[in-house]
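Student: what's the 3D shape of this:
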Amino acid sequence: MATVTAAMVKELREHTGLGMLECKNALVEADGDMAKAEDILRKKSAAKAAKKADRTASEGLLGVKLAPDGTRGVMVEVNIETDFAQKDATFGAFVETVVNAAYDAHETDVAKLLAGPLGAERERLVQSIGENVTVRRVTALEASGGCVAAYLHNDKRKGALVALKGGDADLAREIAMHVTASSPLVVEGKDLPAATVEKEREIFRAQAADSGKSADIVEKMVEGRVRKYLAEVSLVDQAFVKNPDERVGQMLKKRNAACTGFVRFEVGEGIAKDTKDFAAEVAAQVKGRT
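Tutor: Residues are numbered from 1 along each chain as shown. Now for the predicted structure:
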């Protein structure tokens, strides 16, 4: 039986990022063989990650990376189970690793990103932190004859990428900040799918049906509400957050710029969160021990 030294444990820990006890046990199991110990830890990481895969991860952070010349930007959302674990430095470092990998590979397909070394790193992180970690989504924007900028809210849970034709990075960042705060759905009203507009029209029509107005008046009311809705969800028609007296479209026009696209992320949006009764959970655990 080979002697497992503290230096060996330290080296394995530096390679894998896992705890000292886990590394020591793996080295003992591998009879001091460093390569075999890494394989043992990799298999255990994969097994633990698989067991936690069905656990809801609705907390997390966003990551952003921009090209030095401002022509390209990437944004990612990486999720974890609790806001406590979200603050772990190793989780934050993993978010940066993910956004760098997506940027370098020009890849927005999560499955393809995780098929390589990034997937193994995620598994090690799950084993280290003890919570499910998922790379939920990746997006990218490019600009030709303009620039891409980003804005992340202070907590890195809300943010946006914006691409402009014309303008400059400062203007694009201001628009990204507006998108983050105001949540537009499209650049212009005409960009909204016809089916979405018709669905809203039907809702407004049902609401106006009991007004007692004539059919032609009801239709005018409905179309008025549709126009208002389109203005509310269209970037260029929204009042600019830093100057509500000016619409975003007006500001862009004055700066000889146009928005060619944007993406807004908010951590956990659309994910059904688990609602656990802590007292019931503790009671169930106590009952299971008796």
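Student: Give me the below-cutoff pLDDT ranges for the stretch 101-250 of the chain.
Tutor: For the stretch 101-250 of the chain, not a single residue meets the criterion pLDDT under 70.
Student: Alpha carbons of stretch 81-98, as CSV, please.
Tutor: Extracted as CSV, the C-alpha positions of stretch 81-98 are listed here (Å, rounded to 0.1, in the frame of the first residue of the first chain):
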residue,chain,number,x,y,z
GLU,A,81,-30.6,25.6,-6.0
THR,A,82,-30.2,28.2,-3.3
ASP,A,83,-29.2,31.9,-3.1
PHE,A,84,-26.8,31.0,-0.4
ALA,A,85,-24.8,28.7,-2.7
GLN,A,86,-25.1,31.3,-5.4
LYS,A,87,-22.7,33.5,-3.4
ASP,A,88,-20.0,30.8,-3.3
ALA,A,89,-16.9,32.0,-5.0
THR,A,90,-16.4,28.7,-6.9
PHE,A,91,-19.9,29.1,-8.4
GLY,A,92,-19.1,32.6,-9.5
ALA,A,93,-15.9,31.4,-11.1
PHE,A,94,-17.8,28.6,-12.9
VAL,A,95,-20.1,31.2,-14.4
GLU,A,96,-17.1,33.0,-15.8
THR,A,97,-15.7,29.8,-17.1
VAL,A,98,-19.0,29.1,-18.9
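Student: Give me the buried positions along it.
Tutor: The neighbour-count criterion (16 or more other Cβ atoms under 10 Å) identifies 81, 85, 86, 88, 91, 94, 95, 97, 98 as the buried residues of stretch 81-98. All C-beta atoms are positioned from the backbone trio N, CA, C, and that covers glycine.
Student: cool, and stretch 231-239?
Tutor: For stretch 231-239, a neighbour-count test (16+ other Cβ under 10 Å) marks 233, 234, 235, 236, 237, 238 as buried.
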